[in-house]
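In: Got a predicted structure here, sequence first:
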Amino acid sequence: MTDTKKTAAAHERRKFSRILFDAHVELAQGEFHWRASLLDISLKGLLLQQTLPVEVVHSEPILVKILLSDNTSIAMSVTVAHQHHNQTGLMCTSIDIDSVSHLRRLIELNLGDALAAERELSELISDY
């Protein structure tokens, strides 16, 4: 399969819009805590601009906190989806209702379409 066909196939499988979003992220696994830079986010996960520290156990959940403002953040539990080219893809495994609301609003503002954000949220709910 050519790179163009692989990219098209991946895009067709992707149900959730990726929002380019520059933010600091706090991560934790057990007693180990670190920071990373966010590249993009979707209702299904996020992409970091770095590989994970060697102390991280890839098979264990990681807690993520994305700082939106002084008193607003998105918190979720994630697992490692992939690591390559100095980037790490993390897949959301659980998220609280307040964080979903903040994330939905972020996606709505970036897409400029409340209905598109609502469709993505419905798609996420139907996946569970």
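Out: Yep, it's here.

In: Now name the helix or strand holding residue 108.
Out: Element membership for residue 108, per DSSP states H and E: helix 97-111.

In: Which parts of that helix count as buried, going by neighbours?
Out: Under the neighbour-count criterion of 16 or more other Cβ atoms under 10 Å, helix 97-111 has 99-100, 102-104, 106-108 buried. Every C-beta, even on glycine, is put in place using the N, C-alpha and C of the backbone.

In: do stretch 28-45 as well
Out: Of the residues in stretch 28-45, those buried (16+ other Cβ under 10 Å) are 29, 36, 38-45.

In: list the helices and strands the helix or strand hosting residue 40 packs on?
Out: Per DSSP H and E, residue 40 falls inside strand 32-41. For strand 32-41, the contact count by 3 or more Cβ pairs under 8 Å, 6 or more residues apart in numbering; DSSP states H and E identifies strand 19-29, strand 45-48 as packing neighbours.

In: Next, the buried residues of stretch 54-74.
Out: For stretch 54-74, the neighbour count (16+ other Cβ under 10 Å) marks 56, 61-62, 64-66, 68, 73-74 as buried.

In: Those residues: which two are farthest apart?
Out: 56 and 68 (23.9 Å; Cβ to Cβ).
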